[in-house]
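# Everything below, folded, please.
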Amino acid sequence: MGRLLPLLALADLALMVVALIDCLSAEEFEIRALPRIAWVFIILLFSPVGGIAWFVAGRPDRTAAAAGPPRERGWQPGGGFPEPERPPRDLAPDDDPEFLRQLDARNRQEDADRLRAWEADLRRRERELRQRQERPAEEPPADPKG
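Numbering: from 1, shown residues only. This is a model prediction of the structure:
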């Protein structure tokens, strides 16, 4: 009996973990009898009866869902679509080649405009600096003490 008790405890723990994972991975609308949160509490609080109850009364009936053809079941994630029936999907901006081309062209234009503005500013500053350097040679500086 002493060897059987740890084995039963391990089986109870395994049943609880498997039932919890199955409950949490099932779609909310497929769960039978009770809401998901109620099933989680039942599985956790009433071990091992809660896990057994989940598999008997709460688990989605996967055999009925898989029995019909895909059109009767509706689309399921990972089920795939034949190419003509594939729903249109919106591309994210960073996946859309046309958007990326437009963005690249706009960035190049902005960079070119910014560079022209910097060059014009640099020319203006150089002109002002030359004018300041030429003025003192023509006019003696005024004496501030007066």
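# Would you map the helices across the chain?
Taking DSSP state H as the criterion, the chain carries its helices at 4-25, 36-45, 49-53, 62-67, 70-73, 97-138.
# Show me this structure divided up by domain.
1-62, 93-137 (automatic domain parsing).
# and the end-to-end length of the longest one?
Between the opening and closing residues of domain 1-62 we find a distance of 38 Å, counting by C-alpha to C-alpha, to the nearest Å.
# Identify the residues contacting R108.
If you count contacts by C-beta atoms under 8 Å, 6 or more residues apart in numbering, R108 has none. Yep, even glycine has a C-beta here, placed from its N, CA and C like the rest.
# just to revisit the earlier point, could you dump the domains of the chain to a markdown table with mean pLDDT?
Shown next, in a markdown table, are these (pLDDT from 0 to 100):
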| stretch | mean pLDDT |
| --- | --- |
| domain 1-62 | 90 |
| domain 93-137 | 91 |
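# most tightly surrounded among the ones you listed?
Mean neighbour count (mean count of other C-beta atoms under 10 Å) peaks for domain 1-62 among the domains of the chain, with a mean of 14.
# Pull the distance from that domain to the chain's centre.
Its chain's C-alpha centre and that of domain 1-62 lie 30 Å apart, by C-alpha atoms, centre = their mean, to the nearest Å.
# gap between E119 and D113?
11 Å (C-beta to C-beta, to the nearest Å).
# and the most centrally placed residue in the chain, what are its phi and psi?
For the chain, A92 is the residue whose C-alpha lies nearest the centre (C-alpha atoms, centre = their mean; 11.5 Å). Note on A92: its backbone torsions stand at phi -70, psi 150 [degrees, to the nearest 10].
# now R59
phi -60, psi 140.
# Give me the spatial nearest neighbour of it, chain neighbours excluded.
Nearest residue to R59 in three dimensions, chain neighbours excluded: D22, at 6.4 Å (C-beta to C-beta, 6 or more residues apart in numbering).
# List the residues that contact D96.
Contacts of D96 by C-beta under 8 Å, 6+ apart: none found.
# And it, how far from Q102?
D96 is 9 Å from Q102, by C-beta to C-beta.
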